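Colleague: Compute the structure for the input listed below.
(chains A and B)
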Amino acid sequence: EAQVTQNPRYLITVTGKKLTVTCSQNMNHEYMSWYRQDPGLGLRQIYYSMNVEVTDKGDVPEGYKVSRKEKRNFPLILESPSPNQTSLYFCASSATYNSPLHFGNGTRLTVT
Amino acid sequence: GQNIDQPTEMTATEGAIVQINCTYQTSGFNGLFWYQQHAGEAPTFLSYNVLDGLEEKGRFSSFLSRSKGYSYLLLKELQMKDSASYLCAVKRERYSTLTFGKGTMLLVSP
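Modeller: Model (predicted):
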């Protein structure tokens, strides 16, 4: 089954403790991206990647890192999480930069 | 920068037709997407417009006017399962980010 898989689905952590949210797609998609969704603010893009080793900042990149060492994986790294990063995170992929996005099921992160 | 506006909430009755509008202001334009998001779930793709005009897909249609910076999503024969948030998203340039509006929460009542 074609899908985007994020892990974990839920994560509670404390300020400053480094964490990684994994994202993997099995559709051989070139384009991958990370979004956060907050009430009243909608979906905002954090980082995106056009292909392996090609990443760029979205609208809200501060406090996040990404890497794209393999085509299928696009992990999101929070080196020192803060409470304002408490949010619902979605990973998404698409065949090309203007193809429809396929979203993962989301990761609900709480930073205390 | 970009500015995307959608109504926050709309209500409609089962079996009716509803139009959800989206206006955008952007420097450069390379396509507009509509997504549906049920509560607690991931967004799913509904439609894509890059040229002016109407795209029809079953009960859902989407319209684009690039000169007016305007799009709408038309939902016909509404069903209870259509209660969801509808997200308008604009791609500005070839390799740019995809920017989402805040979404329109549609409530369909019996």
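
Colleague: Now do the SS call for A:C91.
Modeller: On the three-state scheme (DSSP: H, G, I helix; E, B strand; the rest coil), A:C91 is labelled strand.

Colleague: Okay, it and A:E1: tell me how far apart.
Modeller: To A:E1, A:C91 is 16 Å away according to CB to CB, to the nearest Å. C-beta here means a position set from N, CA and C on the backbone, and glycine is covered the same way.

Colleague: Go ahead and confirm B:I4 touches B:G103.
Modeller: No. B:I4 is beyond contact range of B:G103, at 10.0 Å (criterion: CB atoms under 8 Å).

Colleague: higher neighbour count, those two?
Modeller: Taking other CB atoms under 10 Å in any protein chain shown, B:I4 and B:G103 do not tie; B:G103 has more neighbours (25 against 21).

Colleague: Let me see the confidence value for that one.
Modeller: pLDDT recorded at B:G103 is 96.

Colleague: How about the contacts made by it?
Modeller: By CB atoms under 8 Å, 6 or more residues apart in numbering or on different chains, B:G103 lies in contact with A:G42, A:L43, B:Q6, B:Q37, B:S85, B:Y86, B:L87, B:C88.

Colleague: Of those residues - the most surrounded one?
Modeller: For the contacts of B:G103, the largest number of neighbours (other CB under 10 Å) sits with B:C88, at 27 neighbours.

Colleague: Which secondary structure element is home to that one?
Modeller: For B:C88, the host element (DSSP states H and E) is strand B:84-91.

Colleague: B:L54 now?
Modeller: Per DSSP H and E, B:L54 falls inside strand B:53-57.

Colleague: partners of the residue sitting nearest the centre point of chain A in the sheet?
Modeller: Residue closest to the average C-alpha location in chain A (CA atoms, centre = their mean): A:W34, at 3.1 Å. Judged by DSSP bridges, the bridge partners of A:W34 are A:Y47, A:C91.

Colleague: next one: A:N7
Modeller: Listed beta-bridge partners, A:N7: A:T22 (assigned using DSSP bridges).

Colleague: Contacts only, for it.
Modeller: Contacts of A:N7 by CB under 8 Å, 6+ apart are A:V21, A:T22, A:T107.

Colleague: could these be laid out in a markdown table, adding pLDDT and neighbour count?
Modeller: Converted to a markdown table, those look like this (pLDDT from 0 to 100; neighbours: other CB atoms under 10 Å in any protein chain shown):
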| residue | pLDDT | neighbour count |
| --- | --- | --- |
| A:V21 | 98 | 20 |
| A:T22 | 98 | 15 |
| A:T107 | 98 | 22 |
